[in-house]
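[1] sequence unavailable; structure follows:
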């Protein structure tokens with residue numbers, strides 16, 4: 001099997017789960033592509049961002065058609081924060097690549113931070129801490145800033161910490177949190193891709209693989225959003241928790 005078809009299968013499965021649960025797919029794509037080991041850390045982060053950005057567009061459109069309502073002001077300030085956070089995260093990521101001559105060091109930093117965020121997510125959803133019920137506009141901006149930064153720095157698109165943090169801070173039910181999470185992912189990855197184009201350009205990557213990555217991302221995003229409209233909140237939460245545990249295991253495998 002060629003590497004293109006292997007990536008195609010990985011991205012369809014990852015984005016289906018990512019779109020359904022609000023995790024964005026990158027939290028699965030990044031460690032799986034790391035484990036495959038066919039490309040550099042920077043290239044894998046770029047491919048993951050393309051897949052997650054494409055999924056986020058498709059999933060957002062489909063979720064709105066499913067009848068999930070979102071508040072325009074909340075979307076606006078989460079998005080503004082995530083754009084700025086995405087730029088800062090990308091600058092930080094490229095700075096780490098310049099500081100450490102060995103890309104494996106940067107990869108281990110990404111994996112370690114990802115595991116910490118995954119542990120937070122699983123503990124929160126298991127113990128169901130009381131929501132802080134924040135309502136001020138600056139909190140939405142701050143949440144978007146933090147999540148956008150983390151998403152691009154780790155190369156995972158957003159991950160489960162998005163959903164958990166949005167539920168904790170603002171008291172969103174899980175399906176509403178997944179939609180806001182996907183919107184945050186959409187804008188953070190958009191800013192990352194723009195920043196990459198302005199700094200290193202896209203010619204340093206093998207763009208022929210995008211003919212596999214983009215169609216897989218579209219199909220996965222559509223299928224995940226379709227399932228989200230069918231499954232109950234309880235089932236979505238179960239899928240979320242199962243995937244978080246599985247991805248923690250995969251990241252530990254890559255770390256050691």
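    That came through fine. Nothing here was measured: the structure is a model prediction, and the numbers come from that model. Residues are numbered from 1 along each chain as shown.

[2] what's the burial count for residue 223?
    A count of nearby residues for residue 223, using other C-beta atoms under 10 Å, gives 20. Just so you know, the C-beta spots here come from the backbone N, C-alpha and C atoms, and that holds for glycine as well.

[3] can you pull the contacts of it?
    Applying C-beta atoms under 8 Å, 6 or more residues apart in numbering to residue 223 gives the contacts 12, 16, 19.

[4] the last one and residue 182 touch, don't they?
    Spelled out, that is residue 19. Yes. Applying C-beta atoms under 8 Å as the test, residue 19 and residue 182 come out as touching, 7.1 Å apart.

[5] any shared contact partners between these two?
    Counting by C-beta under 8 Å, 6+ apart, the residues touching both residue 19 and residue 182 are residue 59.

[6] how about the strands in the protein?
    With DSSP state E as the definition, the chain shows no strands.

[7] show me where pLDDT drops low in it?
    For the chain, the stretches with pLDDT under 70 are 1, 22-24, 68, 155-160.

[8] returning to what we had before: in TSV: the contacts of residue 223, plus neighbour count and distance to residue 198.
    Listed next are the contacts of residue 223 as TSV, based on neighbours: other C-beta atoms under 10 Å; distance: C-beta to C-beta, whole Å:
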residue	neighbour count	distance to residue 198
12	21	30
16	23	32
19	31	28
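
[9] and which of the residues you listed is nearest residue 219?
    Comparing the contacts of residue 223 against residue 219 with C-beta to C-beta picks out residue 12 as the nearest, at 5.6 Å.

[10] wait, doesn't that closest one sit right on residue 219?
    Yes. The pair residue 12 and residue 219 qualifies as a contact (C-beta under 8 Å) at a distance of 5.6 Å.

[11] good, wrapping up.
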